[in-house]
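> Okay, here's the prediction I keep looking at, along with the sequence it came from:
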Amino acid sequence: MSNKTRQVINSVYAPAPIGPYSQAILVDGTLYVSGQIALVATTGALCDEGVEAETEQVLKNIGYVLAAADMNFSHVVKCSIFIKNMGDFQKINAIYAKYFKENPPARETVEVSALPKNVSVEISCIAVK
C-alpha cells in the first residue's frame with residue numbers, strides 16, 4: 001500500500017471493537033466498516049429488545065462510524081448482513097429500508113449459525129466518498 005493512504009477510523013459513539021480489529025479503515029476515499037452488532041457504546045450493554053431494536057442499534061452504530069469518516073448512509077455502496085434466523089429477514093429489512101430510502105446499496109443477506117455475543121444480526125459495509 002505504498003501509494004495509498006490508510007487511516008483507522010473510530011467513533012466514540014460506536015462500541016469499541018471486541019477483538020483485534022478496527023471499527024473501520026479508510027483507504028483512498030473508500031471506507032471498510034467492520035461488522036457492527038447491537039452494543040450500546042455509552043453503556044456497553046447489548047440491545048436485546050428484539051430483532052427490530054437490534055437492527056436499529058446496529059445501523060445507528062454504522063452511522064456513527066460513517067460520521068467519523070465524514071460520510072453518511074448515502075455513501076454506502078455495499079452491505080453484508082448476517083442473521084441467525086432467516087425468518088427475521090422481513091423485520092430486519094423493514095428497519096434497514098429506513099436507512100436506505102433512495103438508491104440502496106448492493107448487499108447480501110446470509111443466515112449463520114452463530115454471531116458474536118449471541119446477537120441476532122450483524123452488518124458490515126463499504127462506503128465511498
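Okay, I see it. Residues are numbered from 1 along each chain as shown.
> wait, isn't Leu39 in contact with Glu54?
No - in this structure Leu39 lies outside contact range of Glu54 using C-beta atoms under 8 Å: 10.0 Å. Yep, even glycine has a C-beta here, placed from its N, CA and C like the rest.
> Which neighbours do these two have in common?
Cys47 (C-beta atoms under 8 Å, 6 or more residues apart in numbering).
> neighbour count winner among the two?
Neighbours per residue (other C-beta atoms under 10 Å) separate Leu39 from Glu54, with Glu54 holding more: 24 against 20.
> The more buried one: which element?
If you go by DSSP states H and E, Glu54 is part of helix 51-68.
> any residues touching that helix, and which ones?
9-11, 13-15, 23-24, 31, 33, 36-41, 47-48, 72-73, 75-76, 85, 88, 91-92, 94-96, 99, 119-123, 125, 127.
> among those residues, which are in helices?
Counting by DSSP state H, these place Lys91, Ile92, Ala94, Ile95, Tyr96, Tyr99 in helices.
> Just put those residues in a markdown table and tack on distance to Val58.
Putting the ones in helices among the contacts of helix 51-68 into a markdown table (distance: C-beta to C-beta, whole Å) gives the following:
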| residue | distance to Val58 |
| --- | --- |
| Lys91 | 13 |
| Ile92 | 9 |
| Ala94 | 14 |
| Ile95 | 9 |
| Tyr96 | 9 |
| Tyr99 | 10 |
